[in-house]
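A.B. asks: Need the 3D shape of this:
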Amino acid sequence: MQTFTLLLLLGYVLLGVLLLSLNLRARWHWSVKALAIAVTSAFYFLTWWGLRESEGWPTRADPLAEFELLAYDVRQPDKRDDSPGAIFLWVRSAHAVEGTPRAHRMAYSEALHQAVLEAGERLSRGRRQRGERRPGSSERTDARGAALLFRDMILPTLPEKRGE
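C.D. replies: Residues are numbered from 1 along each chain as shown. As a prediction, this is how the structure comes out:
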C-alpha cells in the first residue's frame, strides 16, 4: 500500500472518530447526526474509487496529443455478458526520451481496433510507433470522435564524428 493511501486512510479514520465524538456530545437532531455519518461514510468509498486511477488502473482520459505506443490490448464487445469492449493502450510522451508510461482505456470501435492492430504489427517488427490524437481528422476515430493515427517514429540521427 502506498504511503499516500495509508495517510489518507488514517485521515478519514481520524475524521470519523472526530465526527462520532461530536455526535455523542452534540444536541443536534438525530437525523442531522445520521446524515453526517452517512456522508462521511460515502466519502470513504468515493475516495477509494478515485484513488484506483492513481494506483495503476487505466485512465479514461484521452492520451496526449502525441505519444509513443508501447503496448496494447483489445477486448472486443461480447454480447454474452453485455460487455461493450475496450481498447487499452500503454503509451508515453513522444517528446520524452524516457518518459513514464501511462495506461489508457479507450472506448471500443472497429476503426480504432483496426488502427491499433496495424500499429501493433509494425511494432512487433521493431518499428517504434508514434500516435497522434486529432479531433475528427480521420475515419479512424474512437467512440468520442477523437482520431488516433499511428505511424513509424522518425528517430533523430546524430551527425557522424569526423576524423581527428
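
A.B. asks: tell me which residues form a beta bridge with the most centrally placed residue in the chain?
C.D. replies: The chain has residue 59 as the residue nearest its centroid, 1.4 Å off, counting by C-alpha atoms, centre = their mean. Judged by DSSP bridges, the bridge partners of residue 59 are residue 104.

A.B. asks: I'd say it and residue 91 touch.
C.D. replies: No. The pair residue 59 / residue 91 is not scored as a contact, 10.7 Å apart, by C-beta atoms under 8 Å. C-beta coordinates here come from the backbone N, C-alpha and C atoms, glycine included.

A.B. asks: sorry, back to before: how close does the residue nearest to the centre of the chain get to residue 19?
C.D. replies: Using C-beta to C-beta, to the nearest Å, residue 59 is found at 32 Å from residue 19.

A.B. asks: now do residue 114
C.D. replies: Separation of residue 114 from residue 19 (C-beta to C-beta) stands at 53 Å.

A.B. asks: Repeat that for residue 157.
C.D. replies: With C-beta to C-beta as the criterion, residue 157 and residue 19 are 63 Å apart.

A.B. asks: which helices and strands sit right next to the helix ranked longest in the chain?
C.D. replies: Counting by DSSP state H, the longest helix found in the chain is helix 30-54. Judged by 3 or more C-beta pairs under 8 Å, 6 or more residues apart in numbering; DSSP states H and E, helix 30-54 is in contact with helix 3-25.

A.B. asks: quick one: buried residues of the helix it packs on?
C.D. replies: For helix 3-25, the neighbour count (16 or more other C-beta atoms under 10 Å) marks 12, 19 as buried.

A.B. asks: now the angle between helix 30-54 and that helix, please.
C.D. replies: Put simply, helix 3-25 runs at 180 degrees to helix 30-54, going by axes from the mean of the first three to the mean of the last three C-alpha atoms, to 10 degrees.

A.B. asks: Which strands or helices does helix 3-25 pack on?
C.D. replies: For helix 3-25, the elements it packs on are helix 30-54, judged by 3+ C-beta pairs under 8 Å, 6+ apart.

A.B. asks: Check which residues of the helix or strand just after the helix it packs on are buried.
C.D. replies: Going down the chain from helix 30-54, the next helix or strand is strand 66-75, by DSSP states H and E. Burial within strand 66-75, assessed by neighbour count using 16+ other C-beta under 10 Å, is assigned to 67, 68, 69, 70, 72, 74.

A.B. asks: Show the contacting residues for the fourth one.
C.D. replies: The one in question is residue 70. Residue 70 sits next to 90, 91, 92, 101 when contact means C-beta atoms under 8 Å, 6 or more residues apart in numbering.
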